[in-house]
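Asks: Sequence plus predicted model, see below.
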Amino acid sequence: MMYDIKKAEYVCSCAWQSQWPQDDLPEVLLAGRSNVGKSSFINAITNVKGLAKVSSKPGKTRTLNFFNINDELRIVDVPGYGYAQVSEKQQQQFGEMFETYVQNRKNFKGMVLLVDYRHPPKDDDITMYDYAKYYDIPVIVIATKEDKLKRNDLKKNENRIIRDLDLDPNDPLIRFSIFKSECVAESWDAILKFCFKS
């Protein structure tokens, strides 16, 4: 069933723990490579065009970006990884910021890992999934850009993602196209289970 979005808004961009929103709303972390389509994913599932800025320059996100959904939960967009033009020092800062959030944030309920459906998972994708499994973080894998694939390649590419990530059968793998409402509904079903499981 489609989650009814009555309110979706940008809250803040935070580089430091002291800036994080101070309440008990559940949060889901959105991770993925710089060009995987995280902003497009946020705009599609909230049905708010331009809520997350889609940049022509990958790697532009430098902070944790918090988005309020219905005053019930937040999506937290983290800097995309794997972008060559980001300096080593910046990558280290991103890593520390990410680690601080995951290890210390009581609101944190799970990770949505976006991978590009068209290509095999990169080493960074595999590392991020392994990180989630190592720390027992609930994770959903979203395969983006489904609409750019030929029908014949869908199952083959899905099997490749499952194999390369060594995907746990209990972790949802969702084919995602920004043009399909059923993809949005399926994504929300999985996210809401993270946030409000009894």
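Replies: Perfect, I can see it now. Just so it is clear, the structure is predicted and the values come from calculations on it, not from any experiment.

Asks: can you point me to the longest strand in this structure?
Replies: The residue-count maximum for a strand in the chain (DSSP state E) belongs to strand 108-116.

Asks: Counting by contacts, list what the helix or strand following that strand packs against.
Replies: Reading on from strand 108-116 to the C-terminus, the next helix or strand found by DSSP states H and E is helix 123-134. For helix 123-134, the elements it packs on are strand 27-32, strand 108-116, strand 139-144, helix 154-165, judged by 3 or more Cβ pairs under 8 Å, 6 or more residues apart in numbering; DSSP states H and E. Where C-beta positions appear, they are placed from N, C-alpha and C, glycine not excepted.

Asks: buried residues in helix 123-134?
Replies: Neighbour-count burial for helix 123-134, counted by 16 or more other Cβ atoms under 10 Å, picks out D124, D125, M128, Y129, Y131, A132.

Asks: of all the residues you listed, which comes closest to R74?
Replies: A132 (18.5 Å; Cβ to Cβ).

Asks: ok, now how distant is the closest one from V184?
Replies: 23 Å (Cβ to Cβ, to the nearest Å).

Asks: ok, now E99?
Replies: Counting by Cβ to Cβ, the gap from E99 to V184 is 30 Å.

Asks: more crowded one of the two?
Replies: It is V184, of E99 and V184, that has more neighbours when counted by other Cβ atoms under 10 Å, with 22 against 12.

Asks: pLDDT score assigned to that one?
Replies: If you check V184, the pLDDT there is 95.

Asks: Would you confirm that it contacts T46?
Replies: No - contact between V184 and T46 fails when scored by Cβ atoms under 8 Å: they sit 9.2 Å apart.

Asks: could you dump the helices and strands packed on helix 123-134 to JSON lines with distance to P172?
Replies: Output for these, formatted as JSON lines (distance: least, Cβ to Cβ, whole Å):
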{"stretch": "strand 27-32", "distance to P172": "13"}
{"stretch": "strand 108-116", "distance to P172": "10"}
{"stretch": "strand 139-144", "distance to P172": "5"}
{"stretch": "helix 154-165", "distance to P172": "12"}
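
Asks: Of these, which is nearest G95?
Replies: strand 27-32 (11.9 Å).

Asks: quick one: pLDDT of I42?
Replies: I42 is given a pLDDT of 95.

Asks: Which helix or strand contains it?
Replies: Residue-wise, I42 maps onto helix 38-46 under DSSP H and E.

Asks: distance between that helix and the chain's centre?
Replies: 10 Å (Cα atoms, centre = their mean, to the nearest Å).

Asks: got it, and stretch 7-25?
Replies: The answer for stretch 7-25 is 16 Å, by Cα atoms, centre = their mean.
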